[in-house]
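1. quick one, structure for this:
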Amino acid sequence: EEPEEGQGSSSLERVAASLGVVIVPLSERQPETSVGSALHGSQCKPCSWFWRPQGCFNSRDCAHCHMCLPGELKRLKKAKQQAMRAKARHQEEAVPVMS
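-> Alright, predicted model coming up:
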């Protein structure tokens, strides 16, 4: 949940503290190991929360990779979208047109 305007991140900090999680400020955050980073570099799935200001509340227990750099998730989504479009174009070309 995102903080409301003017509220700052204090409510998020309270939630993190109640979970026993320390959220490192974004400006100081570095890639770190997580459960999901075991497959980093091959079949990992980047955490969509780790590089956001509020961070990932799952910390090292997160099933997604915290080793991927910022922007990796966006890059993977774009590549998947391009591949799907190319596949659709290929299928359109392979279907004979009846006249």
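2. can you give me the buried ones in the longest helix along the chain?
-> Within the chain, and with DSSP state H defining each element, the longest helix by residue count is helix 72-94. Going by neighbour count (16 or more other Cβ atoms under 10 Å), the buried part of helix 72-94 is 72-73. The way it works is simple: take the backbone N, C-alpha and C, and place the C-beta from them, glycine included.
3. now for it, which elements pack on it?
-> Using 3 or more Cβ pairs under 8 Å, 6 or more residues apart in numbering; DSSP states H and E as the contact test, no helix or strand touches helix 72-94.
4. list the contacts of it.
-> Contacts with helix 72-94, where a contact means Cβ atoms under 8 Å, 6 or more residues apart in numbering, come from 46-48.
5. now the buried members of those.
-> Buried members of those, counted by 16+ other Cβ under 10 Å: 46-47.
6. of the contacts of helix 72-94, which belong to strands?
-> If you go by DSSP state E, the contacts of helix 72-94 have nothing in strands.
7. buried residues in the least confident helix or strand in the chain by mean pLDDT?
-> Lowest mean confidence among the helices and strands of the chain (mean pLDDT, DSSP states H and E): helix 10-18, at a mean of 80. Across helix 10-18, burial judged by 16+ other Cβ under 10 Å covers 12, 16.
8. mean confidence (pLDDT) on the longest helix of the chain, please.
-> The predicted model assigns helix 72-94 a mean pLDDT of 90.
9. can you show me the CA trace of it as CSV?
-> Only the C-alpha atoms of helix 72-94 are listed here, as CSV (Å, rounded to 0.1, in the frame of the first residue of the first chain):
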residue,chain,number,x,y,z
GLU,A,72,15.4,-5.8,-15.2
LEU,A,73,11.7,-6.6,-14.7
LYS,A,74,10.7,-3.9,-17.2
ARG,A,75,13.3,-5.3,-19.7
LEU,A,76,12.0,-8.8,-19.3
LYS,A,77,8.4,-7.7,-19.8
LYS,A,78,9.3,-5.8,-23.0
ALA,A,79,11.2,-8.8,-24.3
LYS,A,80,8.2,-11.1,-23.6
GLN,A,81,5.8,-8.7,-25.3
GLN,A,82,8.1,-8.5,-28.4
ALA,A,83,8.4,-12.2,-28.6
MET,A,84,4.6,-12.6,-28.4
ARG,A,85,4.1,-10.0,-31.1
ALA,A,86,6.7,-11.8,-33.3
LYS,A,87,5.0,-15.1,-32.8
ALA,A,88,1.6,-13.6,-33.7
ARG,A,89,3.0,-12.1,-36.9
HIS,A,90,4.6,-15.4,-37.8
GLN,A,91,1.3,-17.2,-37.3
GLU,A,92,-0.5,-14.7,-39.4
GLU,A,93,2.0,-15.1,-42.2
ALA,A,94,1.8,-18.9,-42.0
